[in-house]
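Undergrad: build me a model:
(chains A and B)
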Amino acid sequence: MGERTVVLGVIGADVHAVGLRILDYALRSAGFDVVNIGVLSSQEDFIKAAIESGARAILVSSLYGHAELDCRGFKEKLQEAGLENILLYIGGNLGIGQKNWEEVEKKFKELGFHRVYPPKTMPDEVIRDLKKDLGLEK
Amino acid sequence: MFIKNKKWDHKYFLNMREEVLNSWPTGREVDLKEAFLYLASLPKEKHTDYVLKEASQNGKTLLQPRAGVPILKDHIALLQYLQDEGGADILPTTIDSYTRQNRYKEAQLGIEESLKEGRYLLNGFPAVNYGVKACREIIESVKVPVEIRHGTPDARLLAEITLAAGFTSFEGGGITYNIPYAKDVPLENSILYWQYVDYLVGIYAQEGILINRESFGPLTGTLVPPSISIVIGIIEAILAAEQGVKSFSVGYGQCGNIIQDVASIKILDKLTKEYLASFGYYDVHLTTVLHHWMGGFPEDEAKAYAVISFGTIAGAISKVTKIIVKTPQEAIGIPTKEANASALKNTRQVLNMLENQNFIDEDKLSQEEYIIEREVRSILNRVYEIGEGDIAVGTVRAFSSGILDVPFAPSKYTYGRVMPVRDNEGAIRYFDFGNLPFDEEIKNFHKERLEERARFEKREVSFQMVLDDIYAISKGRLIGRPR
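TA: Residues are numbered from 1 along each chain as shown, chains lettered A, B, ... in the order given. All right, here's what the predicted structure looks like:
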């Protein structure tokens, strides 16, 4: 596994599988090596997969509204595991109820995420950012 | 294999029950004898089966919203609003996702944090943590029946607590609450857990208290071909009936082609009744449920209302017993109570205006019914065969070999080869049959329909076409035409 390896999964007690399947497909089509750990994944599952695969980015998906509780302490655990330099993205329905997106984005940036995507983001946008952030753009 | 479609031995149930009730402190609040008295004391209007019977006798379609918040008093206020302002006929209590995975400690933290922060950190009502007594406050605060809706592979404790609390309908099943809701729970286990729930419901039935059980027809909510959903509904009805369930609802998620939707609901009703009778279960009161579109919604509320109204049409024409209503804020997440009530009013208006209208092309309808019926019988007969006459054994074997398959399911106990796509009229067809046991007539029907679309769009049928279909409704149309 090399510089194009990313870990993909749905965090917490969330079982939304369809978007993950689509992202997996889109990332592979764009030339990434995808380690898809699936739904119902814990912080530890993400970290373990990232270490084992030598991934450069972790892409967290959450659609069910518990993301805030599920992501607390993630940044610290990544540091403990020596993954403080890994790129961390999250996307989905990240809060419950009608909330101001800027607030949601701010909250998740504080939790350690480099990029935070609202619902309905298309895979192309994430792939573009990922290539840029990983310095893969020629 | 340790499961069989055979009514449980009472001692076996009681032994397991000890373990279930001890798995969280509120389990000790359940006292069955007291629960029988409590349920018998509730007015008949709070009993789901009574309300369903009245509706089917009068040809009425009932409406039920989705709702569940983690704070008890807020949850009650929400339900009262949906009852009074929205005119809901049956109310829901949607359970949060930690409880669905039996993670009660995290659910407890979610309740405490929600109370502390004054906002909801859980996506539903954690009924196990609240326990019997608190749950009864819900039942006592509303005038209509309340159903528990969730997505729990192991809902034994949840059922014990909520049935004793007076919830008279309980959604789920060993297949429909495993395959779309879990990653690594063996089907044998979830079928066993749900036999427990059905056996418990059977005990209530012996006391004259009819609890309605409902199968979750939409499954993954993503382009599920009707025959798959119908087969699974029939299997769950049979499994429930064997354990003593007397009131059962089979469900179906709107696909979007009206002919296909009407045909599916009719076949779902007809074949479930037929199979129940052929297995010797003559006294099950069977009803049907339509779920408004379960896939991605447009963010624009006006467009979302159109999706909702459109879904109601198939419900009105097929005379479905109940519709589970979506809201104009589906795309954004959990809706406000106002949006939720508005969707109920929208649905009622469409239903009322379509009263006794039927404009469906009968030839097309019977052609669609014919193909769905043949598909359902092909799969079910094969499931029965490989189970050597036992439908539970057959189901486990069918899933492992792909004779039964569900598209886009997270469970690793799904074969995962079936791939659906829409035809040129928007009906959901099979692009890849996986290992479904279909003959050439059925396969050719699907192939021809898809070739028609491919010609029209001047492109091959491919996974890109499937992706376009998944996004289509949220982007303003039914069929994912090339961009």
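Undergrad: quick one: residues in contact with the helix or strand harbouring residue B:447.
TA: Here residue B:447 sits within helix B:440-457, counting by DSSP states H and E. Helix B:440-457 has contacts (C-beta atoms under 8 Å, 6 or more residues apart in numbering or on different chains) with B:371, B:374-375, B:378, B:421-424, B:427, B:429-431, B:433, B:460-461, B:465, B:479, B:481-482. Heads up, the C-betas are built off the backbone N, CA and C, glycines and all.
Undergrad: so who does residue B:326 touch?
TA: Applying C-beta under 8 Å, 6+ apart, the residues contacting residue B:326 are B:66, B:291-293, B:297, B:304, B:307-308, B:311, B:343.
Undergrad: three-state assignment of the residue in the stretch 101-250 of chain B that chain A sits nearest to?
TA: Closest residue of the stretch 101-250 of chain B to chain A, C-beta to the nearest C-beta: residue B:123 (4.0 Å). Classification of residue B:123 using DSSP: H, G, I helix; E, B strand; the rest coil returns coil.
Undergrad: likewise for residue B:176?
TA: Going by three-state DSSP: residue B:176 is coil.
Undergrad: tell me the pLDDT of it.
TA: Note for residue B:176: predicted pLDDT of 98.
Undergrad: wait, what's in contact with residue B:268?
TA: So residue B:268 contacts B:217, B:229-230, B:233, B:250, B:252, B:288 (C-beta under 8 Å, 6+ apart).
Undergrad: ok, it to chain A distance?
TA: Going from residue B:268 to chain A by C-beta to the nearest C-beta, to the nearest Å gives 23 Å.
Undergrad: skipping adjacent residues, who's closest to that residue in space?
TA: Sequence neighbours aside, residue B:230 is the residue nearest to residue B:268 in space, at 4.9 Å (criterion: C-beta to C-beta, 6 or more residues apart in numbering or on different chains).
Undergrad: neighbours of that neighbour, just the number please.
TA: A count of nearby residues for residue B:230, using other C-beta atoms under 10 Å in any protein chain shown, gives 27.
Undergrad: how about the one 3 residues further on?
TA: By the criterion of other C-beta under 10 Å, residue B:233 has 31 neighbours.
Undergrad: and for residue B:45?
TA: Quick note: residue B:45 (other C-beta under 10 Å) scores 11 neighbours.
Undergrad: just the one 10 residues further on next, same as before
TA: If you count neighbours by other C-beta under 10 Å, residue B:55 ends up with 17.
Undergrad: ok, it - contacts?
TA: Residues in contact with residue B:55, defined by C-beta under 8 Å, 6+ apart, are B:61-62, B:89, B:287, B:321-322.
Undergrad: which of those residues has the most neighbours?
TA: Neighbour max across the contacts of residue B:55 (other C-beta under 10 Å) = residue B:322, 29 neighbours.
Undergrad: just to check, that residue is in contact with residue B:60?
TA: No: applying C-beta atoms under 8 Å, one finds residue B:322 not in contact with residue B:60, separated by 9.8 Å.
Undergrad: name the element residue A:108 belongs to?
TA: helix A:101-110.
Undergrad: give the pairing partners of the next helix or strand along the chain from that helix; include direction for each.
TA: Using DSSP H and E, the helix or strand that follows helix A:101-110 in sequence is strand A:115-117. Using DSSP bridges, strand A:115-117 pairs in its sheet with strand A:87-92 (parallel).
Undergrad: bridged to the most centrally placed residue in chain A, which residues?
TA: Residue closest to the average C-alpha location in chain A (C-alpha atoms, centre = their mean): residue A:59, at 1.9 Å. Taking DSSP bridges as the rule, residue A:59 bridges to residue A:8, residue A:89.
Undergrad: mind pulling up the pLDDT for it?
TA: Residue A:59 is given a pLDDT of 97.
Undergrad: do residue A:98 as well
TA: pLDDT, read off for residue A:98, is 55.
Undergrad: returning to what we had before: could you dump the contacts of residue B:268 into a markdown table with distance to residue B:188 added?
TA: Output for these, formatted as a markdown table (distance: C-beta to C-beta, whole Å):
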| residue | distance to residue B:188 |
| --- | --- |
| B:217 | 22 |
| B:229 | 22 |
| B:230 | 23 |
| B:233 | 20 |
| B:250 | 23 |
| B:252 | 26 |
| B:288 | 28 |
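Undergrad: tell me which of those fall in strands.
TA: B:250, B:252, B:288 (DSSP state E).
Undergrad: how near is the second one to residue B:340?
TA: Taking C-beta to C-beta, to the nearest Å as the criterion, residue B:252 is separated from residue B:340 by 22 Å.
Undergrad: who's more crowded, these two?
TA: Neighbour count, other C-beta under 10 Å: between residue B:252 and residue B:340, residue B:252 has more, with 27 against 24.
Undergrad: pretty sure the more buried one contacts residue B:266?
TA: No: using C-beta under 8 Å, residue B:252 and residue B:266 do not qualify as a contacting pair, with a distance of 10.3 Å.
Undergrad: could you list the buried residues of the host helix or strand of residue B:202?
TA: Using DSSP H and E, residue B:202 sits within helix B:187-206. By neighbour count on 16 or more other C-beta atoms under 10 Å in any protein chain shown, the buried set for helix B:187-206 is B:187-205.
Undergrad: same for the helix or strand bottoming out on mean pLDDT in chain A, what does it pack against?
TA: When the helices and strands of chain A are compared on mean pLDDT, DSSP states H and E, helix A:18-29 comes out lowest with a mean of 91. Here helix A:18-29 touches strand A:5-11, strand A:33-41, strand A:57-62, helix A:123-133, helix B:463-472, going by 3 or more C-beta pairs under 8 Å, 6 or more residues apart in numbering or on different chains; DSSP states H and E.
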